[in-house]
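Q: give me the fold of what follows.
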Amino acid sequence: MTTATEAAPASAAGALTIRLTDRERHELGLLAEKLSTAGSGLVDDLDWLARARELSCRAPLRLRETIRRYRHDCGPDAVLLIRNLPLDEEALPETPTVRGSVERRATVAACLSALLSLQLGEVIAFREEKSGALVQNVVPVRGLESSQSNAGSVDLEMHTENAFHPNRPDFVGLLCLRNDHSGTAGTLVSSIRRALPLVPDGARRVLTEARFVTEPPPSFRAGDATVPHAVLDGDPADPNIRVDFAATVALDDEGKQALEQLRDALVPASRMVVLHSGELAFIDNRLALHGRSSFVPRYDGRDRWLHRAFVHLDNRRSRVDRPDNGAVLS
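A: Reported below is the predicted structural model:
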């Protein structure tokens, strides 16, 4: 079996990419600063979120056009890269070090994450994951280095974000505040659009059948394994994918073999996205898996630090699970 580290290409050249001009960067920075002082200044406050939704419509036109194009069709790699965002790495506080770290205050970085995500769709979170915070920190935590979670620093298996959940995100946004000390830690992304031609026909058939179950990730405080589900569904020529290679298991030997063949197809189809400060990646969670390459944290205040946000395109589908029409799923 091939491994992610061995097979991943060095770049994401096929991803849809926009680099802001200095003028666009300045305009977006002014919006983020304005939002940082709006209302309560709390990201999870619904009035603040409504203001963020309004201000997101004032983002630079070329940026809004790019996000809208990506929303319509995410392309073969299912990734959108946004570069030259208005972040000053030297002005950031120290990287958080605690488990379950989140951003409650409307910092400029949190505002950028919200503004961009709200142009793509609706920002959501899960009550049982990081206390339902809408902007979450992805940072290494001492003692959790080997965990298959956002707090670890070993290779993280490719996965659909919250694959066990019926209302898993449509998109995952990752905004880099700091990369690791070496500047090489990356997010591994593999699209089923790239991998499907490499999956044998027999395995494809098995993967479309409800012969797999998925456990919740370590970041969830509670949750049950799924009822049996398919790994591939939708149009057979352009299917959606739902799998977590650290948490999805097959219910029979044929399913286990098909899962291994799928992984062996996804690895050579993968791309390594190395984000640096002021860069954001959106990943289509319906079409692409993502993981992480390993890195060595120093716990010196300057370790790798990402903001993570989840986006839904259709907010009605989860209404029954969002008390008071809020942004957090119970």
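
Q: and for Gly301, the neighbour number?
A: 13 (other C-beta atoms under 10 Å). For every residue, glycine as well, the C-beta is placed using N, CA and C.

Q: burial measure for the closest residue to Arg319 other than its chain neighbours, as a count.
A: Among residues not flanking Arg319 along the chain, Asn325 sits closest, at 6.8 Å (C-beta to C-beta, 6 or more residues apart in numbering). Counted with other C-beta under 10 Å, the neighbours of Asn325 add up to 8.

Q: low-confidence regions, this structure specifically.
A: For the chain, residues meeting the criterion pLDDT under 70 lie at 1-13, 221-224.

Q: one more time with 90
A: 1-15, 100, 144, 146-151, 216-226, 330 (pLDDT under 90).

Q: related to what we said a few turns ago, please report how far the residue nearest to Arg319 lies from Pro297.
A: In this view, Asn325 and Pro297 are 39 Å apart by C-beta to C-beta, to the nearest Å.

Q: same check on Ala288?
A: 26 Å.

Q: again with Gly132
A: 26 Å.

Q: and if you look at Arg142?
A: When Arg142 is compared with Pro297 (using C-beta to C-beta), they lie 8 Å apart.

Q: so what's Pro323 closest to, chain neighbours aside?
A: Ser330 (5.9 Å).

Q: now do Leu156
A: Arg292 (3.8 Å).

Q: more neighbours, Ala288 and Pro297?
A: Ala288 (29 against 20).

Q: what's the neighbour count on Leu61?
A: By other C-beta under 10 Å, neighbour count at Leu61 equals 10.

Q: just list the residues touching it, thanks.
A: If a contact means C-beta atoms under 8 Å, 6 or more residues apart in numbering, then Leu61 has no contacts.

Q: try Pro228
A: Contacts of Pro228 (C-beta under 8 Å, 6+ apart): Ala210, Arg211, Phe212, Val213, Leu251.

Q: do the same with Gly202
A: Here Gly202 is in contact with Ala258 (criterion: C-beta under 8 Å, 6+ apart).

Q: and the gap between it and Arg99?
A: Gly202 is 42 Å from Arg99, by C-beta to C-beta.

Q: surely Val311 is in a strand?
A: Yes - under DSSP: H, G, I helix; E, B strand; the rest coil, Val311 sits within a strand.

Q: please report how far it lies from Pro268.
A: 28 Å.

Q: in the stretch 101-250 of the chain, which spans are helices?
A: In the stretch 101-250 of the chain, the segments counted as helices under DSSP state H, counting those that start in this stretch are 108-120, 192-195, 201-207.

Q: next one: the residue nearest to Arg319 from Leu31, what distance?
A: The separation that Asn325 has from Leu31, given C-beta to C-beta, amounts to 25 Å.

Q: over to Glu54?
A: 10 Å.

Q: swap in Thr184?
A: Distance from Thr184 to Leu31, by C-beta to C-beta: 32 Å.

Q: please apply the same query to Tyr70.
A: From Tyr70 to Leu31 the distance is 20 Å (C-beta to C-beta).
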